[in-house]
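Asks: got a sequence here, can you model it:
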Amino acid sequence: MLMSPRRDFASFPASFPRVASVSVDLDSVDCYWRIHALPGQPPESLRATILRRCLPRFAELFAGLGIRSTLFVVGRDVLEDAEGRGLLASLAGAGHELANHSHSHHYDFVRRPAGTIVSEIEHAHAAIGDCAGRAPVGFRAPGYETTAAVMARLCERGYRYDSSAFPSVPYYAAKAVAMAAMRLRGRTSGSILGSPRALAAPSMPYRPASDDPYARGDLPIWELPMAVTPVLRLPVIGTSVVMAPAWARRRLVAAVLDAPFVNLELHGIDLADAAGDGFPGELVARQPDLRHGLAAKRAALEATLLQIRAAGFAFQPLGEVATELERLARAPVGLTDAPAPGGTG
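Replies: Numbering: from 1, shown residues only. Now for the predicted structure:
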């Protein structure tokens with residue numbers, strides 16, 4: 001049974017501020033190539049497009065609005081792209097958070113041997129920490145799929161939060177249909193269909209159970225789910241925001257603004273310019289958001305962020321949200337009226 005959206009945050013302390021976090025998954029173009037089972041490899045010219053061309057557009061957008069974001073970084077890309085590494089280091093110095101998105105972004109990350117899973121976390125941890133000048137404290141699994149074993153490793157590593165839970169029934173159903181249609185055409189997606197248990201996860205932050213990352217428990221780490229609407233659990237992420245008509249986008253975003261926390265997840269490709277960045281037609285034909293113009297997508301993202309701010313939310317990186325949740329969880333009973341933390345508006 002899905003959690004009631006009201007039950008999800010009814011137990012939050014009164015002092016928890018209205019906070020929004022904006023995160024960007026910096027998946028490289030080859031990830032989308034694998035999702036759509038395209039032959040061969042993407043053109044070499046696109047190898048660093050997300051870090052070198054899309055990330056600066058996000059940096060400009062966030063700077064204009066005074067927002068500090070969380071950037072989920074693939075460790076391998078930091079090591080292989082000096083120019084992208086320099087930009088990430090600069091953004092970390094400006095107050096953005098660099099978080100762990102695994103080392104190689106294998107979509108079957110959770111199905112790999114235990115030693116590989118540990119290696120994927122550890123290698124990315126080292127690369128990102130070296131780039132940012134401080135160790136990452138947050139993780140998001142490739143393809144949103146996590147397990148109890150992954151959570152245990154993150155706890156051992158001292159991570160403050162995971163942000164892999166995406167409890168959206170429509171998203172899961174659409175993904176299942178798309179992957180089935182590909183199989184009927186003789187192609188196998190590089191992505192995987194994760195555990196349906198994720199669909200019953202709370203939609204607001206919670207401590208996971210040691211045997212089930214999608215259930216409440218008492219692990220010393222916070223799960224920070226991505227935004228979904230109440231009841232229908234429609235996904236409120238970059239793809240839906242940039243592709244929806246303006247009236248639908250406003251209603252979709254408004255549906256999550258009654259909650260005390262909004263976790264807006266974006267992808268680097270959300271600010272890709274298909275023509276200007278040289279995306280090949282075979283990928284554009286299969287990735288619908290690439291068929292929307294860059295100016296329109298940027299305007300949609302900016303309007304979304306302004307709508308969230310106008311509703312009274314302050315923007316903070318996910319790591320700061322996890323720290324505040326932990327502070328409130330440790331506060332003595334009766335001290336729930338402590339001042340809310342400061343944050344960028």
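Asks: so where is the chain shaky, pLDDT-wise?
Replies: 1-15, 332-345 (pLDDT under 70).
Asks: ok, which stretches of it are strands?
Replies: For the chain, the strands defined by DSSP state E cover 19-25, 70-73, 97-100, 138-139, 161-162, 208-209, 212-216, 222-223, 261-267, 314-315.
Asks: out of those strands, nearest to Ile50?
Replies: Nearest of the strands of the chain to Ile50, taken as C-beta to C-beta: strand 261-267 at 8.5 Å. C-beta coordinates here come from the backbone N, C-alpha and C atoms, glycine included.
Asks: what's in contact with that closest one?
Replies: 9, 16, 18-27, 58, 163, 166, 204-205, 224-227, 236-239, 241, 256, 301, 304-305, 308, 313, 318, 321 (C-beta atoms under 8 Å, 6 or more residues apart in numbering).
Asks: switch to 7 Å and redo it
Replies: 19-25, 27, 163, 204-205, 224-227, 236-238, 256, 308, 313, 321 (C-beta atoms under 7 Å, 6 or more residues apart in numbering).
Asks: same thing with stretch 165-172?
Replies: 144, 196, 198-201, 203, 214, 223, 225-226, 228, 232-235.
Asks: out of the residues you listed, which are buried?
Replies: Using 16 or more other C-beta atoms under 10 Å as the burial test, the contacts of stretch 165-172 include 144, 198-199, 201, 203, 214, 223, 225-226, 228, 233-235 as buried.
Asks: determine which two of those are furthest apart.
Replies: Pairwise over the buried ones among the contacts of stretch 165-172, using C-beta to C-beta, the maximum falls at Glu223 and Leu234, 20.0 Å.
Asks: can you give me the helices for this structure?
Replies: Here the chain has its helices, by DSSP state H, at 5-10, 29-35, 49, 55-65, 75-80, 82-93, 114-132, 148-156, 169-184, 238-243, 246-254, 281-284, 294-310, 318-330.
Asks: okay, the ones you listed in JSON lines with distance to His106 next?
Replies: What follows is these, written out as JSON lines (distance: least, C-beta to C-beta, whole Å):
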{"stretch": "helix 5-10", "distance to His106": "31"}
{"stretch": "helix 29-35", "distance to His106": "9"}
{"stretch": "helix 49", "distance to His106": "20"}
{"stretch": "helix 55-65", "distance to His106": "22"}
{"stretch": "helix 75-80", "distance to His106": "11"}
{"stretch": "helix 82-93", "distance to His106": "20"}
{"stretch": "helix 114-132", "distance to His106": "7"}
{"stretch": "helix 148-156", "distance to His106": "13"}
{"stretch": "helix 169-184", "distance to His106": "17"}
{"stretch": "helix 238-243", "distance to His106": "21"}
{"stretch": "helix 246-254", "distance to His106": "31"}
{"stretch": "helix 281-284", "distance to His106": "20"}
{"stretch": "helix 294-310", "distance to His106": "28"}
{"stretch": "helix 318-330", "distance to His106": "22"}
